[in-house]
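Student: Quick one, what's the 3D model for this:
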Amino acid sequence: MAKTSLSATLDVRGTILEVGRRIMSGKGFCAVGLNEILTQARVPKGSFYHYFDSKDAFGVAMLSAYFDDYHADMDAVLAQPGSNVAQRLLRYFDLWRDNQSYADCQGKCLAVKLAAEVADLSEPMRQQMDRGTARIIARLAAALEAGVADASLTIAGTPQQAAESLYQQWLGASVMVKIVRHGGPFDAAMAATRRMLHLPA
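Tutor: Numbering: from 1, shown residues only. Model prediction:
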């Protein structure tokens, strides 16, 4: 009985997080009320506080789940067999472009959507965002180091410095794509990435 109860609890909590992620990826954090999330999740409003102490706590949990999924997907791409590290990195950025569509990201572009908003809104959410992005950059740095080792790419400076530059470049491109409503900023980011890694155009 206890096992079933725990499973049901996790299912409801997971549903709230999933629905919230999808809606907030499109509208932002402040523009979405709990009623909208709970209505779409088909969860009674009174039940929300059984799973989360506040909307702020919900935001932290939502970002934590988002980054867990993101890191797992990133690990899978960067460990793909049958290709060198440079090819895996280019594949990762190709997928970044696909997932950061300005038209329909379906919960895949949460960090880009909320970055500026939550940094000023909530310190716990800013800290969660900082931890999540730091882990992305650490993975990029490790991949760059491996790419230098297998001679599939070269970089100027340290892997950490190059990883930070790459992440900031692609994050900026993601924001610009939402402004201009076309993929030009991603084309520029990919061209700059190839130059940074000394790869052919």
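Student: helix/strand/coil for residue 176?
Tutor: Per DSSP: H, G, I helix; E, B strand; the rest coil, the local secondary structure of residue 176 is helix.
Student: who's in contact with the most centrally placed residue in the chain?
Tutor: Centroid check for the chain by C-alpha atoms, centre = their mean gives residue 111 as the closest residue, at 4.9 Å. Residues counted as contacts of residue 111 (C-beta atoms under 8 Å, 6 or more residues apart in numbering) are 63, 66-67, 70, 129, 132-133. (Glycine included, C-beta is placed from N, CA and C.)
Student: Now tabulate those in a markdown table and tack on neighbour count, secondary structure and distance to residue 87.
Tutor: Below are those laid out as a markdown table (neighbours: other C-beta atoms under 10 Å; DSSP: H, G, I helix; E, B strand; the rest coil; distance: C-beta to C-beta, whole Å):
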| residue | neighbour count | secondary structure | distance to residue 87 |
| --- | --- | --- | --- |
| 63 | 27 | helix | 30 |
| 66 | 23 | helix | 26 |
| 67 | 21 | helix | 25 |
| 70 | 19 | helix | 21 |
| 129 | 22 | helix | 29 |
| 132 | 18 | helix | 25 |
| 133 | 18 | helix | 24 |
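Student: Export those as CSV, with columns for distance to residue 85.
Tutor: Below are the contacts of residue 111 laid out as CSV (distance: C-beta to C-beta, whole Å):
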residue, distance to residue 85
63, 28
66, 26
67, 23
70, 19
129, 27
132, 23
133, 21
